[in-house]
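>>> The amino acid sequence is not available; the structure is as follows:
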């Protein structure tokens, strides 16, 4: 009651009525100003900004047109292997010879390309349709490389053309050479079967590994070029690895996906 009486006495004092009322201290105005600035910045970010996430998936470096598996058209024994891995051959070039009951038969390439794998040696006995080689469809040594990224089907809807991609290349440790830079060129919305992947890569074993967790979606990534690196491509480090990249090299891709505006999930 004593404090209440003192407050009433002050209100009754005519001198006190003429004093200006203090709404807030200077420190309070400063806090209020900072709060308003922060709220305005947050509102602007919620409307115009975006949340960036990443989608990780296995990738394979190729020359874009893929590969094919060369098969023996006859049954017989291999008497001669005429090509080596790495050779670039024209369409219809002989790869090996097979001795049949009717005589020696050459097994020839279907399309021009580079031999990436040979599955037979001299003396091997083949059945009709047996795989003998994998041939990549490339006709020029300076043809640009692409990365085919096999994104899980459930995450592929988030990937768009133009998204930035960082690739950790198997033959170039990221801790030493950094990551390879790329950009999404196209997204094939239909999931890829093991057979289709094997047809494109020319490697059924790799296709089986890429589809262990379900049929993925193929995303084509163009590698950013650079004239200042030995590989001819842009890396997160200044020089990158001191060697050229080979096709059919495996990598791990991290696709930087721009999600929807934050206001879409901040508001109920």
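That came through, no problem. No experiment lies behind these values; they were computed from the predicted model shown.

>>> So, low pLDDT: which residues of the protein?
Within the chain, the ranges that satisfy pLDDT under 70 run 1-32, 37-38, 40-52, 258-268.

>>> let's go with 80 and repeat that
1-52, 64-65, 139-142, 258-268 (pLDDT under 80).

>>> Spit out the contact partners of residue 203.
67, 117, 134, 248 (C-beta atoms under 8 Å, 6 or more residues apart in numbering). To be clear about C-beta, it is placed using only N, CA and C from the backbone, and glycine gets the same treatment.

>>> Spatially nearest residue to the first one (excluding sequence neighbours)?
By the measure of C-beta to C-beta, 6 or more residues apart in numbering, the closest residue to residue 67 outside its immediate chain neighbours is residue 202, 3.2 Å from it.

>>> how about the helices of the chain, start to end?
Here the chain has its helices, by DSSP state H, at 2-12, 14-17, 26-48, 174-177, 194-201, 204-210, 262-266.

>>> picking up where we left off before, which residues touch the residue nearest to residue 67?
Contacts for residue 202 (C-beta under 8 Å, 6+ apart) come out as 66, 67, 68, 69, 116, 117, 134, 135, 136.

>>> now do 6 Å
Contact partners of residue 202, counting by C-beta atoms under 6 Å, 6 or more residues apart in numbering, are 67, 68, 69, 134.

>>> Residue 198 now?
Applying C-beta under 6 Å, 6+ apart, we find residue 198 in contact with 204, 207.

>>> if I look at it, how far off is residue 233?
Going from residue 198 to residue 233 by C-beta to C-beta, to the nearest Å gives 27 Å.

>>> again, but for residue 99
Residue 99 sits 45 Å away from residue 233, taking C-beta to C-beta as the criterion.

>>> and residue 67, how many neighbours does it have?
27 (other C-beta atoms under 10 Å).

>>> my bad, residue 161
What residue 161 shows, counting by other C-beta under 10 Å, is a neighbour count of 11.

>>> Once you drop chain neighbours, what's closest to it?
The nearest residue in space to residue 161 (C-beta to C-beta, 6+ apart) is residue 184, at 5.4 Å.

>>> do residue 100 as well
Nearest residue to residue 100 in three dimensions, chain neighbours excluded: residue 76, at 3.9 Å (C-beta to C-beta, 6+ apart).
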